[in-house]
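In: Provided below are the primary sequence and the corresponding predicted coordinates.
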Amino acid sequence: DRILRGPVMKVEDLYQEIILDHYRSKHHSGLREPYDAEVQHVNPTCGDEVRLRVRLEGDTVADVSYDAMGCSISQASTSVMTDLVIGRDVAYDLGLYEEFLAMMQSKGQIEPDEERLEDGIAFAGVAKFPARVKCALIGWSAFRDAVMRAQSASSKEMEQ
Ligand code: ZN
């Protein structure tokens with residue numbers, strides 16, 4: 001029994017540790033200038049709030065800055081997301097969003113790809129708790145929303 005439970009506990013502990021590390025010292029936290037779009041997302045079920053800004057340079061996500069309040073899962077997930085998306089291609093980042101979303105909606109059935117999701121794999125454990133899935137997604141959906149707004153703003157500029 002101990003042999004079987006050992007490794008399972010270790011993975012859960014590791015996930016917990018990753019989440020707490022990001023919660024205690026959030027990466028890329030604070031609102032910065034310049035930015036192309038700002039959004040505010042709220043998860044009323046838990047009381048999480050994220051205000052998030054995106055700066056695009058061409059097809060690259062040059063910066064993502066944010067102010068997050070709420071539970072440790074929502075804040076840690078937003079921190080992890082910024083590590084993954086900043087400095088990368090918009091299309092790549094939207095692909096990551098889809099991948100993270102699929103993992104969170106799989107009720108723990110999808111094995112996360114550590115090469116791509118890095119610390120994001122820690123939320124695979126959260127996917128088993130439906131009430132917390134929105135907490136893990138709030139930063140990601142705010143990011144996607146902000147990117148969409150930034151892109152539509154820049155395409156309007158091109159038309160003028
Ligand atoms: Zn929450």
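Out: That came through fine.
In: Out of the helices and strands in the chain, which is least certain?
Out: helix 2-24 (a mean of 77; mean pLDDT, DSSP states H and E).
In: what's the residue lying closest to residue 11 once chain neighbours are set aside in contact with, if anything?
Out: Closest residue in space to residue 11, ignoring its immediate chain neighbours: residue 125 at 7.9 Å, by C-beta to C-beta, 6 or more residues apart in numbering. Every residue, glycine included, has its C-beta placed from N, CA and C. Shown in contact with residue 125 (C-beta atoms under 8 Å, 6 or more residues apart in numbering): 11-12, 15-16, 108.
In: got any ranges where the protein has weak pLDDT?
Out: Filtered on pLDDT under 70, the chain yields the residue ranges 1-9, 160.
In: which residues of it fall in helices?
Out: Along the chain, counting by DSSP state H, helices occupy 2-24, 72-85, 90-104, 114-117, 130-159.
In: what residues does the chain put near the ion?
Out: Contacts of the chain with the ion, taken as C-beta under 5 Å from the ion, map to 46, 48, 70-71, 74, 135.
In: Looking at those residues, spot the one nearest residue 57.
Out: residue 74 (27.6 Å; C-beta to C-beta).
In: Surely residue 48 touches residue 74?
Out: Yes: the pair residue 48 / residue 74 is scored as a contact, 3.9 Å apart, by C-beta atoms under 8 Å.
In: Now do the shared contacts for these two.
Out: With C-beta under 8 Å, 6+ apart as the test, residue 48 and residue 74 both reach 68, 135, 138.
In: contacting residues for the second one?
Out: Read it as residue 135. 43, 46, 48, 70-71, 73-74, 77, 126 are the contacts of residue 135 under C-beta under 8 Å, 6+ apart.
In: for the last one, same thing?
Out: For residue 138, the contact set (C-beta under 8 Å, 6+ apart) comprises 41-43, 48, 50, 70, 74, 77-78.
In: For residue 103, state which of these is nearest.
Out: Within the contacts of residue 138, distances to residue 103 taken as C-beta to C-beta reach their minimum at residue 77, with 11.6 Å.
In: Skip the chain neighbours and tell me the closest residue to the closest one.
Out: Closest to residue 77 by C-beta to C-beta, 6+ apart is residue 136, at 4.5 Å.
In: Kindly report the same for residue 27.
Out: Residue 27 sits nearest to residue 79 (C-beta to C-beta, 6+ apart), 4.7 Å away.
In: any idea how far the one you found lies from the ion?
Out: Look at residue 79 and the ion: by C-beta to the ion, to the nearest Å, they are 14 Å apart.
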